[in-house]
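Q: no sequence for this one, just the structure:
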């Protein structure tokens, strides 16, 4: 399903600041070579991640789902001078490629890449999070939220990607493991009263969540 009018997407991209050279390289390689290139955040959403990070000026960021490194580098741009971004990737090939990009970036000393199962790694990270980006396996979203929320500072933010899941959550009934997982997460977030939440209709849907 085409969620956003392609002309609107093209217009938004044309009027959005261009990517830095390394981000553009990651985008070009991923779109040309990765069989799951649809998972890339992309230019407009990547710039939104940069903007949000710049506004928050986080000291500690957690990203769940590194992919090829584009979103991590976008988020890292807003880190404080003593800030760190922890990012977790299950797939070894993607983790290796992302690390190679990180090593070439100005943020190479501020990014810690963890390889393995996020549900097992998150409890080992003794940090208080200012910003969390969830973009991993969709049935795991509720579990990831519950794992990070106690360590999210007051007024800290969580971003959850793909909350429309290619438009499949609009179907009744919702079908497919990932779409069902996302719908369950959306319902879970909607009912909580200890957060403020906003659905952003950008790309495949982005939940912006603030801890009260």
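A: Received it, and whenever you're ready, just let me know what you need. Since this is a predicted model, take the numbers as computed values, not measurements.

Q: tell me the SS of residue 113?
A: Using DSSP: H, G, I helix; E, B strand; the rest coil, the structure places residue 113 in strand.

Q: Now residue 55: closest residue in space, sequence neighbours ignored.
A: Excluding the flanking residues, the one nearest residue 55 by CB to CB, 6 or more residues apart in numbering is residue 78, at 7.4 Å. The C-beta positions use only the backbone N, C-alpha and C, and glycine is treated the same way.

Q: how close does that neighbour sit to residue 162?
A: 22 Å (CB to CB, to the nearest Å).

Q: cool, residue 66 as well?
A: On the measure of CB to CB, residue 66 and residue 162 end up 15 Å apart.

Q: Looking only at neighbour counts, state which of those two leads.
A: Set residue 66 next to residue 162 and count neighbours by other CB atoms under 10 Å: residue 66 wins out with 27 against 24.

Q: Check the contact between that one and residue 96; I expect there is one.
A: No - shown here, residue 66 and residue 96 do not form a contact pair, counting by CB atoms under 8 Å, at 10.5 Å.

Q: Which residues are in contact with residue 129?
A: Going by CB atoms under 8 Å, 6 or more residues apart in numbering, residue 129 touches 60, 61, 62, 148, 151, 152, 153, 156.

Q: Next one: the fifth one relative to residue 166, how far apart?
A: With the distance defined as CB to CB, residue 151 ends up 31 Å from residue 166.

Q: how close does the spatially most central residue of the chain sit to residue 43?
A: With distances taken as CA atoms, centre = their mean, the residue of the chain nearest its centroid is residue 133 (4.0 Å). Distance of residue 133 to residue 43, computed by CB to CB: 17 Å.

Q: low pLDDT regions in the protein?
A: 1 (pLDDT under 70).

Q: Run through the strands of it in chain order.
A: Using DSSP state E, the strands assigned to the chain run over residues 60-64, 84-89, 111-115, 129-134, 152-161, 195-200, 206-211.
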